[in-house]
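Visitor: show me how the following folds:
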Amino acid sequence: MSSGFILAAMGLAAAGYGGRYLLRNKQNLTKIYGILPKTSMEDFFFSKYERGGFEQKMSRTEAAKILGVRPSTKIDKVKLAYKKVMIANHPDRGGSPYLASKINEAKDLLEEQRH
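Guide: This is a model prediction of the structure:
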């Protein structure tokens, strides 16, 4: 029971010292904040997704990004990645027919350039 009070007191002390530090260094922090690049929450949360649509003619790099593999991945790993992506996006299970066609095109492109 007393350890809970000690932890609470330490937390309040840390918050107090942190607030004191921020108030004392407000001018320096505003200078630093002005230098930092501006980012939005959208950039932070969706940074792993590609921006924009598909290329006019699919490249090997784009095909690899669609399947989540490297452009130099072996055929057996391409097939495994295709299977995983297609299970998640199959039109019979509510996926988009357009995305399914792009996934198929990506697999075909990566397989044909390996033979």
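
Visitor: now what about the longest helix along the chain, what contacts it?
Guide: Longest helix in the chain by number of residues (criterion: DSSP state H): helix 2-24. Under the criterion CB atoms under 8 Å, 6 or more residues apart in numbering, residues residue 29 lie in contact with helix 2-24. From N, CA and C alone the C-beta is placed, and that goes for glycine too.

Visitor: quick one: whichever helix or strand comes after it to helix 2-24, angle?
Guide: The helix or strand immediately downstream of helix 2-24 is helix 26-35, counting by DSSP states H and E. With axes from the mean of the first three to the mean of the last three CA atoms, to 10 degrees defining the directions, helix 26-35 sits at 80 degrees from helix 2-24.

Visitor: mind telling me what element residue 104 is part of?
Guide: helix 97-112.

Visitor: enumerate the positions of that helix that are buried.
Guide: Neighbour counts over helix 97-112 (16 or more other CB atoms under 10 Å) mark 99, 100, 102, 103, 106, 107, 109, 110 as buried.

Visitor: so can I have CSV of those residues showing pLDDT and distance to residue 70?
Guide: As requested, the buried residues of helix 97-112 are arranged in CSV below (pLDDT from 0 to 100; distance: CB to CB, whole Å):
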residue, pLDDT, distance to residue 70
99, 91, 21
100, 93, 22
102, 92, 18
103, 94, 17
106, 93, 13
107, 94, 14
109, 92, 14
110, 92, 10
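
Visitor: let me know the pLDDT of the closest residue in space to residue 100 that isn't next to it in sequence.
Guide: Distances taken as CB to CB, 6 or more residues apart in numbering put residue 91 closest to residue 100, at 5.2 Å, once the chain neighbours are dropped. pLDDT recorded at residue 91 is 91.

Visitor: before I go, just wanted to say thanks for your time.
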